[in-house]
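Colleague: Got a predicted structure here, sequence first:
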Amino acid sequence: MGRKGRKGEGRDQNDFNLGIRCCDRLSAIFEYLSVKKEKMSTPVKKVPIHLQSSQNRLLIKNGTVVNEEDVTEEDIYIEDGIIKQMGNNLIIPGGTRVIDARGKYILPGGIDPHTHLDFEFMGTRTVDNFYSGTKAAIAGGTTMIIDFVFPKKGESLLDAYYEYRQKADGKACCDYAFHVCLSHWSEQVKRDMEILTKEHGVNSFKMFMAYDFMLNDSELYSAFEQCQNLGAIAQVHAENGSIIAKNAQRLLARGITGPEGHEMSRPEEVEAEAVNRACVIAKQVNAPLYLAQLTTEQSCEILKDHVSDGLRAFGEVEASSIGISGSLKPNLNVIVSPPIRSNPDTPYKLMSFLASDVLQLIGSDNCTFNKAQKEMGKNNFTKIPNGVNGLEDRMSVVWEKGVQTGIISPSRFVAITSTNAAKIFNLYPRKGCIAVGSDADIVIWNAGATRTISAQTHHQAVDFNIFEGMTCHGVAEYVIVSGRVCLDDGQLRVVEGYGHFVDTPVFAPFVYNPDEMDSLKPIKINDVNDFDLMEKTHKIKLVDNPCPTPTLPESNVTTPSFRGHRPEGQRNIQESTFSLTEELDTDRKSCIRVRNPPGGRSSGFW
Ligand SMILES: NC(=O)NCCC(=O)O
Ligand SMILES: [Zn+2]
């Protein structure tokens, strides 16, 4: 088993919430820090001790902090991986690294709620694993992923969970959590679901309405009911698998064997029917429902109607759907299910549903197979391994199609790329916001810069990129992962195994008790701006000029804006140049003789 999967090993999100609720922020922080240290008890691959040092001090100054609900101008002081202070006149210790974020947005790190890394599927295995996938995620501004434990048909959920922990623990460069898929239904599955929620930090289960491991309606009913009993969230892949199988047979018999057969066999109404059915079943047992990877206007309208009728349901869309729907001829490389639609209105429609909160979040469904693997289905579209990339480019694609076009504000961008995932999967406010006490998962985002996506320059292992040639505004310049600068002025400096497994506790207030959310909101110490003020002060007008670069006054922070003198004997991880596995191996050896962490021991506040 991985290094953290037993009850009580990790910090419980509810403990964190409680700390914030009581306004006892410092004790919450200290309690969190002491538990956080225990998280890495038995790593598969050790992160060098200096990278776990407690003396990790970083100040980000002069930037525009964008949270879901407000935009503020304040500096952020980080220590030990946690945001310790925010404001304009911070008093901070010497020896702190300073990053000047003038003219840049400071965003909560992206949370990708839908990835498949190191995944065996359709007779082959994804080329991106937990190292290459999370490395690429960080390069694009994503600092946490939620992947899927995918048991083979009939396999025990617990065995599959342990296997996925082995795959991820010690490999992931950023934090991660797991949903667990139900590839069959039985009383044992029901019991395993309970164990996973109570002992292994899992709070969501995914059921398939397509593929040969799909559940029938009565099984879906029982699975949703069990999710509701446990306080978990039921997710569905909504497509009518029986209709798809029949359509595919007919198309193949008619000689339609190429990739165009994929969407023909899975028309929009086949998705819509399953969305409706899933909502109806969830309603019977009062289970909150998460509709993953919606691809059509029709599906969103159905979801909207059920939500107005009182169903607690959430909708996710993928970067591929808003990025390239309607703009490509079908080819092996873009095959994913549900399909990337040929309807050219799709990107605008889906983005509008994200803007109006019919949809809450955007994932990547990153599931990458190389060109040669995709060739497995060149003579039969049903054999094309399903899946595309998106983990690295999700943030830029959403910015380009959403903010740059003026459909959504930077705050809504934060909500759909980070905050809502944190809320739905009960990680908020530890993740998904920039607030005192939250994990220092932060992106410094240059909205004025552009980059052109290409497989030649991306960091994923896959040998093509479905967004090839797309120029996007919005570039991550610095990405801070648990307080460590892992993308440093465009230079990637990730550490294999730096990420932790994060528990997702059941009964997420956002899902089961939305009234409680107000009490979870981070306390605003220095709320200097809001969306209107942002428009007035910085001439930011989203629709006319959706992607401005703010110009800000000099901060009053008292720390000089250069890398300060480091106190004798302390090593600052922010200055570390270690980035790759090989380098870590060397360094691990050199650390063996060191008794105390080179960064010194933590003594709480300075
Ligand atoms: N999405 C896809 O086509 N492949 C990954 C498996 C799934 O999520 O359906
Ligand atoms: Zn998926």
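Modeller: Cool, got the structure. Numbering: from 1, shown residues only. Ligands and ions are numbered 1, 2, ... in the order given.
Colleague: Please make it C-alpha for all contacts and neighbour counts, starting now.
Modeller: Will do.
Colleague: so who does the residue of the stretch 451-600 of the chain found nearest ligand 1 touch?
Modeller: Closest residue of the stretch 451-600 of the chain to ligand 1, Cα to the nearest ligand atom: residue 466 (13.6 Å). For residue 466, the contacting residues are 320, 324, 333, 334, 388, 389, by Cα atoms under 8 Å, 6 or more residues apart in numbering.
Colleague: could I get the residues you listed as TSV with pLDDT, neighbour count and secondary structure?
Modeller: Conversion of those to TSV gives the following (pLDDT from 0 to 100; neighbours: other Cα atoms under 10 Å; DSSP: H, G, I helix; E, B strand; the rest coil):
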residue	pLDDT	neighbour count	secondary structure
320	98	30	helix
324	96	20	helix
333	98	24	helix
334	98	23	helix
388	98	26	strand
389	98	29	coil
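Colleague: Let me know the closest of these to ligand 1.
Modeller: For these, the minimum distance to ligand 1 (Cα to the nearest ligand atom) is 7.3 Å, reached by residue 388.
Colleague: Quick check: residues of the protein near ligand 1?
Modeller: 336, 337, 365, 367, 386, 387 (Cα under 6 Å from any ligand atom).
Colleague: I'd say the second one and residue 386 touch.
Modeller: Okay, so that is residue 337. Yes: counting by Cα atoms under 8 Å, a contact exists between residue 337 and residue 386, whose distance comes to 6.4 Å.
Colleague: residue boundaries of the strands in the stretch 201-350 of the chain?
Modeller: In the stretch 201-350 of the chain, strands defined by DSSP state E, counting those that start in this stretch lie at 204-208, 233-237, 289-294, 313-318, listed in chain order.
Colleague: where does the stretch 401-550 of the chain have low pLDDT?
Modeller: The model of the stretch 401-550 of the chain has pLDDT under 70 over residues 523-550.
Colleague: can you give me the strands for it?
Modeller: Using DSSP E, counting those that start in this stretch, strands in the stretch 401-550 of the chain cover 442-452, 471-481, 484-488, 491-492.
Colleague: Sort out which residues of the second one are buried, please.
Modeller: Applying a neighbour-count criterion of 16 or more other Cα atoms under 10 Å, one finds 472, 473, 474, 475, 476, 477, 478, 479, 480, 481 buried in strand 471-481.
Colleague: Assess the claim that the third one and residue 447 are in contact.
Modeller: Think residue 474. Yes: taking contacts as Cα under 8 Å, residue 474 lies within contact range of residue 447: 4.2 Å.
Colleague: can you pull the contacts of residue 57?
Modeller: Shown in contact with residue 57 (Cα under 8 Å, 6+ apart): 77, 78, 79, 80, 95, 96, 97, 483, 572, 574.
Colleague: hang on, the earlier thing: okay, the strands of the stretch 201-350 of the chain in a markdown table with mean pLDDT next?
Modeller: Listed next are the strands of the stretch 201-350 of the chain as a markdown table, based on pLDDT from 0 to 100:
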| stretch | mean pLDDT |
| --- | --- |
| strand 204-208 | 98 |
| strand 233-237 | 98 |
| strand 289-294 | 98 |
| strand 313-318 | 98 |
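Colleague: Next, format those as JSON lines and append distance to residue 417.
Modeller: Conversion of the strands of the stretch 201-350 of the chain to JSON lines gives the following (distance: least, Cα to Cα, whole Å):
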{"stretch": "strand 204-208", "distance to residue 417": "19"}
{"stretch": "strand 233-237", "distance to residue 417": "18"}
{"stretch": "strand 289-294", "distance to residue 417": "14"}
{"stretch": "strand 313-318", "distance to residue 417": "10"}
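Colleague: Adding mean neighbour count as columns, could you present those in JSON lines?
Modeller: Compiled in JSON lines, these are given as follows (neighbours: other Cα atoms under 10 Å):
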{"stretch": "strand 204-208", "mean neighbour count": "24"}
{"stretch": "strand 233-237", "mean neighbour count": "25"}
{"stretch": "strand 289-294", "mean neighbour count": "25"}
{"stretch": "strand 313-318", "mean neighbour count": "24"}
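Colleague: Who is the closest residue to ligand 1 within the stretch 151-300 of the chain paired with across the strands?
Modeller: Here the residue of the stretch 151-300 of the chain nearest ligand 1 is residue 237; by Cα to the nearest ligand atom that distance is 6.6 Å. Partner residues in beta bridges with residue 237, using DSSP bridges, are residue 208, residue 292.
Colleague: Surely it touches residue 213?
Modeller: No: at 11.4 Å, residue 237 does not count as touching residue 213 under the criterion of Cα under 8 Å.
Colleague: Give me every residue in contact with stretch 119-132, excluding its own residues.
Modeller: Outside stretch 119-132, the residues that reach it (Cα under 8 Å, 6+ apart) are 116-118, 150, 167-168, 171-173, 367-370, 373, 383-386, 459-462, 496-497.
Colleague: what ranges do the strands span in the stretch 51-200 of the chain?
Modeller: Under DSSP E, counting those that start in this stretch, the stretch 51-200 of the chain gives strands at 57-61, 64-66, 71-73, 75-79, 82-87, 97-100, 105-108, 110-115, 120-121, 124-125, 142-149, 175-182.
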